[in-house]
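J.: For reference, the sequence and a predicted model appear below.
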Amino acid sequence: MSVQPDTARALADAVLALGRSLRAVVFTSGETVIAPALTSVLFVLSTRGECRQNELAADLCVSQSSLSRQIAELVDAGYVLRTADPHDKRASRIQVSHKGFDVLRETTERRAERLRAMLDGWSQEQASAAVTSLLQLNETFTASVQQRNGRVQSAAPPQRPVRTEKD
């Protein structure tokens, strides 16, 4: 049985509301060393690995000019390394630096701790179910974008196992 139109609309509304709430939490928390948009770029680059900037722009669904400014900031701060592409001297390749991985780890730990405190009234099972649903939704969205763009390579972040109280 397929999803009913009302359910699809409610899910779309819930996803947009979640995005707004998440942005509000991140912006007001003061927990990031760098701007949230730069953190997102750094996170996607860390999961993708070394690549050309145009490949990362496609993964992020942003224009190359917008991403160029963000990458320049990350390179200037030492969070991203830019090297010449050995196969095309006109192009460059980018990757997260050790300093970039450090700031990502620090940011992720702070966010996880803050979220854990916010979910104080949730059970482990509820949180695990939410993770499972969000991962499935992300995989569905990613597959749809890849199909539309004719791409096979995964832009989805790696899945982390969810621990239950039984683990």
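T.: All right, it came through fine.

J.: Give the residue spans of the chain that score low on pLDDT.
T.: By pLDDT under 70, the low-scoring segments of the chain are 26-32, 151-167.

J.: Domain ranges for it, per the record?
T.: Segmentation of the chain into domains, based on automatic domain parsing, reads 26-118, 121-151.

J.: For stretch 64-84, what is the distance to the chain centroid?
T.: In terms of C-alpha atoms, centre = their mean, to the nearest Å, the centre of stretch 64-84 is set 17 Å apart from its chain centre.

J.: actually stretch 71-85, not the one I typed
T.: Between the mean C-alpha location of stretch 71-85 and the chain-wide mean there is a distance of 19 Å, by C-alpha atoms, centre = their mean.

J.: Over to it now: how far is its first residue from its last?
T.: Stretch 71-85 has its terminal residues 16 Å apart, counting by C-alpha to C-alpha, to the nearest Å.

J.: tell me which residues in that stretch are buried?
T.: For stretch 71-85, the neighbour count (16 or more other C-beta atoms under 10 Å) marks 71, 73, 74, 75, 77, 79, 80, 81 as buried. For every residue, glycine as well, the C-beta is placed using N, CA and C.
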